[in-house]
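>>> have a look; sequence and predicted model below, questions after that.
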Amino acid sequence: MKKILFVTSEAYPLIKTGGLADVSGSLPIALQALGHDVRILMPGYPAAVAAGHFKPHRQLHGGSGVAILEGGLPDSDVPVWLLTHKDYFEREGNPYLDAEGKPWEDNPHRFALLCHVAVEVAMNRMGLHWKPDIVHCNDWQTGLIPPLLSDEPGRPASVFTIHNLAYQGLFPYPVFEKLRLPQRFWSPDGLEFYQQLCFIKGGLVFADRINTVSPNYAREICSPEFGCGLDGLLQHRADRLSGILNGIDPAAWNPATDPFISARFDSNDLAARCRNKAVLQQQCQWPADPAPALMAWVGRLVKQKGIDLLIELLPGLMQLPVQLVVVGTGEGRYERLLQRWAQLYPERIAFFCCYDEPLAHQVEAGSDLFLMPSRFEPCGLTQMYSQRYGSVPVVRRVGGLADTVTDADPITLGHQQATGIVFDESSADSLRQAIRRGLALFCNKPLWQQIQQVGMSRDFSWEHSARRYESLYDQALADSHLAESLLRTGQASG
């Protein structure tokens, strides 16, 4: 049994903006099921406080206005500590962005505070009477924890997970000065990145072990194409870098028991699935009709996800027997374009400019083709959800999409292994060809049903991945013990 402090900026169902929240709300539960003592530390946003039953801890951190609320992750036994601070976290809205969609100006100070408090908790100096063996850090918001821990004798081991390397926490040098970090960290071997403070480098340089959320993405980020300028550093630390595929919560995403969908079904009862398509069409204000292929998009409307490629195809797609439902928010230009297309073709295109969890489940259960033409995708979760719900994914062969979707070619179809449509080039033409392949298969009902059933049989649960994290923690502990031994030897010889 290991004691694990899991530090994150969001966790479902307390608060969610993306896949990080899904992972943070599921992996600790899976680790606890394997017998580990896992505690989550995250900011006490108002939405998070309201979503759970939290009570003030009797110990405050000096007179700084910092306090810890104790509670639990809803529908689990995983303890959660919420870091509260009136000026930094008690504000409504997005955890990272203001009402205009711009990053909060004090983000570096907010998440530096999270990192400092995490170190205090890790070293058992917050009056919580608990010291972890492992501190598991997630994304740039926690990137200062490994360097700050490196100064601590008898520290826990550290693991740093990259959920998306494109988000690095970059700030100008005056921010570094205001955060009063040790000056030795300002170097290319530390937190400096082209004359900017780079939070994520703290995890990449100082963590005992680094991992990312799919094996393929771990390979990709060591290349200039996907490395976001950090590929050289990642190549340097390649012996400490690995990829562990994210899982999904099989209880929350189970079409046989899902309370959010209109008709429950499994792979042996696909006829019942058809009722979900009819209900989804009604939600889009269309008549129920099984004939057209209903394509779906659920996710952020940003270039990374390839939404521009889909929009470029819309004139041609409207000449085909298809319908399209899009659920998501993102860049204003894409939202406006989709609203315009939905107004031009109200009987064929529906756009829900929001993120709605029940609607997302209904879309998975009622759509035929699920589109994910990402330019890069560290892991992706919705392509796993779609397979589990019998919505055939159309994905680009990148990151975790390549690890989780098997292309429907003659060989995989013959061996009953195909689960989706996979294409290579990031272009509208390649996406068009992939959709046309999907539509041809949709017209071949026996083959289509085979693809659906194979996808629905895939096991994307967290148990296998959680066991791989167990091994990663063992490696991190061994590395930290070796580093501590070398440090003691150097001090003695000095």
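Happy to help now that I have it.
>>> for this protein, which helix extends over the most residues?
helix 462-493 (DSSP state H).
>>> helices or strands up against it?
Packing partners of helix 462-493 (3 or more Cβ pairs under 8 Å, 6 or more residues apart in numbering; DSSP states H and E): helix 19-33, strand 134-138, strand 157-162, strand 209-212. For glycine as for every other residue, the C-beta is placed from the backbone atoms N, C-alpha and C.
>>> save those as CSV, and put in distance to residue 175 too.
Output for the helices and strands packed on helix 462-493, formatted as CSV (distance: least, Cβ to Cβ, whole Å):
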stretch, distance to residue 175
helix 19-33, 23
strand 134-138, 20
strand 157-162, 21
strand 209-212, 24
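>>> redo those as TSV? Include mean pLDDT and mean neighbour count.
Converted to TSV, the helices and strands packed on helix 462-493 look like this (pLDDT from 0 to 100; neighbours: other Cβ atoms under 10 Å):
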stretch	mean pLDDT	mean neighbour count
helix 19-33	94	23
strand 134-138	98	28
strand 157-162	98	28
strand 209-212	98	26
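>>> confidence score at residue 106?
Here the pLDDT value assigned to residue 106 is 96.
>>> OK, contacts around the closest residue to it other than its chain neighbours?
Among residues not flanking residue 106 along the chain, residue 88 sits closest, at 6.7 Å (Cβ to Cβ, 6 or more residues apart in numbering). Going by Cβ atoms under 8 Å, 6 or more residues apart in numbering, residue 88 touches 43, 106, 109-110, 113.
>>> out of those residues, which end up buried?
Buried members of the contacts of residue 88, counted by 16 or more other Cβ atoms under 10 Å: 43, 109-110, 113.
>>> quick one: residue 242 is in a strand?
Yes - looking at residue 242 with DSSP: H, G, I helix; E, B strand; the rest coil, it is inside a strand.
>>> what are the bridge partners for it, then?
With DSSP bridges applied, residue 242 shows beta-bridge pairing to residue 211.
>>> please report the distance of it from residue 129.
33 Å (Cβ to Cβ, to the nearest Å).
>>> among these two, which residue is more densely surrounded?
residue 242 (16 against 7; other Cβ atoms under 10 Å).
>>> got a pLDDT number for the more buried one?
Per-residue confidence for residue 242 comes out at a pLDDT of 98.
>>> please apply the same query to residue 172.
Confidence score, pLDDT, at residue 172: 97.
>>> now do the contacts for it.
195-197.
>>> only the buried members of the residues you listed: can you turn that into a ChimeraX selection?
Applied in ChimeraX, the following selects the buried portion of these according to 16+ other Cβ under 10 Å:
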select :196,197
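>>> any idea how far residue 334 is from residue 287?
28 Å.
>>> which one of the two is surrounded by more residues?
Using other Cβ under 10 Å as the criterion, residue 287 and residue 334 rank with residue 334 on top: 22 against 8.
>>> where's the more buried one, which helix or strand?
Assigned by DSSP states H and E, residue 334 belongs to helix 332-344.
>>> can you list the strands that the next helix or strand after that helix pairs with?
Next helix or strand after helix 332-344 toward the C-terminus (DSSP H and E): strand 349-352. Strand 349-352 pairs in its sheet with strand 322-327 (parallel), by DSSP bridges.
>>> and for the partner strand, what's in contact with it?
Residues outside strand 322-327 that contact it (Cβ under 8 Å, 6+ apart): 280-281, 284, 286, 292-298, 301, 314, 317, 338, 348-352, 354-356, 359-360, 363, 367, 439.
>>> show me which of these are buried.
Buried subset of the contacts of strand 322-327 (neighbour count, 16+ other Cβ under 10 Å): 280-281, 284, 286, 292-298, 301, 314, 317, 338, 348-352, 355, 359-360, 363, 367, 439.
>>> how near is residue 474 to residue 159?
11 Å.
>>> ugh, wrong one, I meant residue 102
From residue 102 across to residue 159, the span is 31 Å (Cβ to Cβ).
>>> out of the helices and strands packed on helix 462-493, which gets nearest to residue 428?
Comparing the helices and strands packed on helix 462-493 against residue 428 with Cβ to Cβ, the closest turns out to be helix 19-33 (25.1 Å).
>>> and the next element down the chain from that closest one?
Immediately after helix 19-33, counting by DSSP H and E, sits strand 37-43.
>>> what angle sits between that next one and strand 134-138?
Strand 37-43 and strand 134-138 are oriented at 40 degrees to each other (axes from the mean of the first three to the mean of the last three Cα atoms, to 10 degrees).
>>> the helices in the stretch 251-400 of the chain, which residues?
For the stretch 251-400 of the chain, applying DSSP state H, counting those that start in this stretch gives helices covering 270-283, 307-317, 332-344, 357-366, 382-388, 399-404.
>>> for residue 246, find the nearest of these.
Proximity to residue 246, assessed across the helices of the stretch 251-400 of the chain by Cβ to Cβ, is greatest for helix 399-404 (6.9 Å).
>>> still on that earlier bit, okay if I get the helices of the stretch 251-400 of the chain as CSV plus mean pLDDT and distance to residue 215?
Output for the helices of the stretch 251-400 of the chain, formatted as CSV (pLDDT from 0 to 100; distance: least, Cβ to Cβ, whole Å):
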stretch, mean pLDDT, distance to residue 215
helix 270-283, 95, 31
helix 307-317, 98, 25
helix 332-344, 97, 30
helix 357-366, 96, 25
helix 382-388, 97, 15
helix 399-404, 97, 6
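>>> I'd assumed residue 480 was in contact with residue 156.
Yes - with contacts counted by Cβ atoms under 8 Å, residue 156 reaches residue 480, the gap being 7.3 Å.
>>> more neighbours: the two, which one.
Neighbour totals were compared for residue 156 and residue 480, and residue 156 leads with 25 against 21 (other Cβ under 10 Å).
>>> contacts only, for that one.
Residue 156 neighbours (Cβ under 8 Å, 6+ apart): 5, 122, 131-135, 149, 480.
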